[in-house]
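Participant: A structural model of the following input is requested.
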Amino acid sequence: MSSTGTSTPSSSSSALVRTSPPPSEALLGEKWDRCLSNLLIKSTLGAGFGIVFSVLLFRRRAWPAWVGLGFGAGRGYAECDADFKSGSGYGKGIGERIVRT
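Facilitator: Predicted structure coming up:
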């Protein structure tokens, strides 16, 4: 098979090449990344505090670790929910309340 003058569809100049996702898709991706990392960090911290309190105060019971994990996951979920319900997410200070009228 000779390859004289033939071009594949991927090498043609009329093909649409997208180097980055659309702005709305990129913003949604950033929110999901922030949400999942926040959830993982807060859950881990909650479980860690639960384990420490379990060892120090509660004679190595399992429930403080699970309660800490639940509190951390709940806080991460609440912040994720607020992030998705908010607007673009840019220009907001930490701790500002969103007042909807």
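Participant: The longest helix belonging to the chain: which residues count as buried?
Facilitator: As far as residue count goes, and with DSSP state H defining each element, the longest helix of the chain is helix 23-56. Residues of helix 23-56 classed as buried: 31, 35, 38-39, 42-43, 45-47, 49-51, 54 (neighbour count, 16 or more other C-beta atoms under 10 Å). For glycine as for every other residue, the C-beta is placed from the backbone atoms N, C-alpha and C.
Participant: Can you name the element that comes right after it?
Facilitator: helix 63-85 (DSSP states H and E).
Participant: What mean pLDDT does that next one get?
Facilitator: Helix 63-85 shows a mean pLDDT of 91 in the predicted model.
Participant: And it, how far out from the chain middle?
Facilitator: Taking the mean of its C-alpha atoms, helix 63-85 sits 13 Å from the chain's own mean (C-alpha atoms, centre = their mean, to the nearest Å).
Participant: For this protein, give me the ranges with low pLDDT.
Facilitator: Across the chain, residues meeting the criterion (pLDDT under 70) sit at 1-16, 18, 21, 87-98.
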